[in-house]
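Peer 1: give the three-dimensional model of this entry:
(one chain, ligands or ions: 1)
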Amino acid sequence: MPRRNIDITVPDLSGKRAVLTGGSDGIGLGIARRLAAAGAELVLPVRNRGKGEAAAAEIRAAAPGAVVRLHDLDLSSLESVAGFGQTLRAEGAPVHLLVNNAGVMTPPERQTTTDGFELQMGTNHLGHVALVAHLLPLLRAGRARVTSQVSIAAAGGEINWDDLSWERSYDGMKAYRQSKVMFGLFGLELDRRSRELGWGITSNLSHPGVAPTSLLSARPELQRDTDTTQVRVIRWLSARGLVVGTPVTAGLPALMAATYLDSEGGRMYGPSGFQHVGGAPAEQRLYKPLRDEEEARRVWLASEKLTGVTFPAPEPGVRLAS
Ligand SMILES: NC(=O)c1ccc[n+]([C@@H]2O[C@H](COP(=O)([O-])OP(=O)(O)OC[C@H]3O[C@@H](n4cnc5c(N)ncnc54)[C@H](O)[C@@H]3O)[C@@H](O)[C@H]2O)c1
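Peer 2: Next up, the predicted model:
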C-alpha cells in the first residue's frame, strides 16, 4: 500500500490532557500534532527547550488553537523526572493519555545516566518507570491510557540480569534491545497490576516499525552492524520507498493505542506491512520476550528497586492473575 494512504482516524480528544515524551522530534512530533489537532491539551516534557519551542510553534501552526505546554524533563536523571512529576501533581489536573515515546539508541560507546545506569536502560526504561510512578495519582484520576513505545528490536532481546548496566562488557544493540524488552514487560505488568488493584489505568505497547529519524540517521554504521539478509531486503525495498514508514506513519500505532479509548489494555500495536517495518497500524501478537509474565514481575520489582520509586503493592501472598 502506498505510504501516503496509511492513516487512522483519531477521535475527538477535547477535554483530555495528554502527556507525551520525545514530542519535539521524529515520531513523537507527528504524534503530538495529531493529539493537538484532535483537541487534547498537550503537555510536552522536553529535554531541549529550544527544540521544544520550535515543535510547539509547528504544532500550533498545524492545529490553530492547540494548547501546548512545555516542561523540562531529562529522563536520564531521576531527579529531573521527580521534579517534573512534582510540578504536574502540584497543578493537580488529571492526565488522560500518557505516551512514553522518548528514546535513545546505540550511543557510540557505553554511556551512563546521572544515576549511573547504562544510558539506554536508564532513559528508555527506568526514566519512564519513574515517570509513571510520579504521575500515578494523576493517571488514576484520569483513568488514563498509557502507551509505551517499544521497538522491533525487542523481538530478539534478552535481559542481561547478571549485568543490567553492561559494566562488564558492552554491546550497544544488545543494551538497546534489553531496554525495550524491560520497558515492554513493564508496560504489560502495569496493565495487569492496574486491573488487579483497581487503578483504572489501561496500558498498551506500540512499536513504530522503522522510520528515518535522527535515532537512525545518527548511526549509519548500524546498517553495517546488522547486515543480515533481512536487513538487506528491507534496505533494498526502503531505497525504493516501498516498505519503511515515515516519521508520521510510524507514529500511528502509538496513536491507535493511546486514543482508541474503548479498547482494552495489555496489547501491542505496530505496522502490519512487510516484516512489520512499515504499513497500516494494527494490533499485533506480542513479541516472544514480552509474553513472559514471570519475567515481567521480575522487571517490575527490579525497576522499583533501581529507581527507588514504589507503586502500591498487592496484599502479601496475592498473586496477580494474567
Ligand atoms: N525511528 C525508528 O525506526 C524506530 C524504530 C523502533 C523504535 N523507535 C522508538 O521510537 C521512539 C521515538 O524515536 P524517534 O525515531 O522519533 O527518535 P528521535 O531521535 O527523532 O526522537 C527521540 C526523542 O526522545 C527524546 N529524548 C531522548 N533522550 C531523552 C531524555 N534523556 N530525556 C527526555 N527526552 C529524551 C529526544 O529529545 C527526542 O525528542 C523511541 O522510543 C525509539 O526507540 C524508533
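
Peer 1: going forward, measure contacts and count neighbours with C-alpha atoms only.
Peer 2: Will do.

Peer 1: show me which residues of the stretch 1-150 of the chain are close to the ligand?
Peer 2: Counting by CA under 6 Å from any ligand atom, the stretch 1-150 of the chain comes close to the ligand at 22-28, 46-47, 73-76, 101-104, 123, 149-150.

Peer 1: just the ones of those residues in strands?
Peer 2: Counted as lying in strands by DSSP state E, out of these, are 46, 149.

Peer 1: buried subset of the residues of the stretch 1-150 of the chain next to the ligand?
Peer 2: Taking 16 or more other CA atoms under 10 Å as the criterion, what is buried in those is 22-28, 46-47, 73-76, 101-104, 123, 149-150.

Peer 1: OK, now which residue of the stretch 201-322 of the chain is nearest to the ligand?
Peer 2: The nearest approach of the stretch 201-322 of the chain to the ligand comes at V210, 3.3 Å away (CA to the nearest ligand atom).

Peer 1: and that residue, what's its pLDDT?
Peer 2: Looking at V210, its pLDDT stands at 88.

Peer 1: try V233
Peer 2: V233 is assigned 62 on the pLDDT scale.

Peer 1: tell me the contacts of the spatially most central residue of the chain?
Peer 2: The chain has Q149 as the residue nearest its centroid, 2.6 Å off, counting by CA atoms, centre = their mean. By CA atoms under 8 Å, 6 or more residues apart in numbering, the contact list for Q149 reads 99-102, 184, 205-208, 254.

Peer 1: filter the residues of the stretch 1-150 of the chain next to the ligand down to just the ones in helices.
Peer 2: Applying DSSP state H to these, the entries found in helices are 26-28.

Peer 1: and stretch 272-280, end to end?
Peer 2: Length of stretch 272-280, first residue to last, CA to CA, to the nearest Å: 5 Å.

Peer 1: and what of stretch 164-183?
Peer 2: End-to-end span of stretch 164-183 (CA to CA): 13 Å.

Peer 1: quick check: mean pLDDT across stretch 93-112?
Peer 2: Mean pLDDT, stretch 93-112: 95.

Peer 1: wait, stretch 44-63
Peer 2: 97.

Peer 1: what does that stretch rub up against?
Peer 2: If you take CA under 8 Å, 6+ apart as the criterion, stretch 44-63 is touched by 19-25, 29, 32-33, 36-37, 66-75, 84.

Peer 1: show me which residues of that stretch are buried.
Peer 2: Applying 16+ other CA under 10 Å to stretch 44-63 flags 44-47, 52-53, 55-56, 59-60, 63 as buried.

Peer 1: repeat that for stretch 163-182.
Peer 2: Residues of stretch 163-182 classed as buried by neighbour count (16+ other CA under 10 Å): 165-166, 172-182.

Peer 1: now the residue lying closest to R33 once chain neighbours are set aside: how far from the ligand?
Peer 2: Distances taken as CA to CA, 6 or more residues apart in numbering place I59 nearest to R33, at 5.2 Å, with adjacent residues excluded. I59 sits 14 Å away from the ligand, going by CA to the nearest ligand atom, to the nearest Å.

Peer 1: in a helix, that's where I59 is, yeah?
Peer 2: Yes: the assignment for I59, made by DSSP: H, G, I helix; E, B strand; the rest coil, places it in a helix.

Peer 1: how near is it to G39?
Peer 2: Using CA to CA, I59 is found at 12 Å from G39.

Peer 1: overlap in contacts, the two.
Peer 2: With contacts taken as CA under 8 Å, 6+ apart, I59 and G39 have A66 as neighbours in common.

Peer 1: all strands in the stretch 1-150 of the chain, in order from the N-terminus.
Peer 2: For the stretch 1-150 of the chain, the strands defined by DSSP state E, counting those that start in this stretch cover 17-20, 41-46, 68-72, 97-100, 145-149.

Peer 1: just say which of those is most tucked in.
Peer 2: Using mean count of other CA atoms under 10 Å, the stretch among the strands of the stretch 1-150 of the chain with the largest mean neighbour count is strand 145-149, at a mean of 29.

Peer 1: partners of that strand, with directions?
Peer 2: With DSSP bridges as the test, strand 145-149 is paired with strand 97-100 (parallel), strand 202-206 (parallel).

Peer 1: in this structure I31 contacts L252, no?
Peer 2: Yes: here I31 reaches L252: they are 7.4 Å apart, a contact under CA atoms under 8 Å.

Peer 1: pLDDT score assigned to the closest residue to K16 other than its chain neighbours?
Peer 2: The shortest distance from K16 to any non-neighbouring residue, by CA to CA, 6+ apart, is to A40 (5.0 Å). Looking at A40, its pLDDT stands at 98.

Peer 1: need the contact list for the residue nearest to V181 when sequence neighbours are not counted.
Peer 2: Nearest residue to V181, sequence neighbours excluded (CA to CA, 6+ apart): A154, at 5.1 Å. Applying CA under 8 Å, 6+ apart, we find A154 in contact with 177-178, 180-181, 287, 289.
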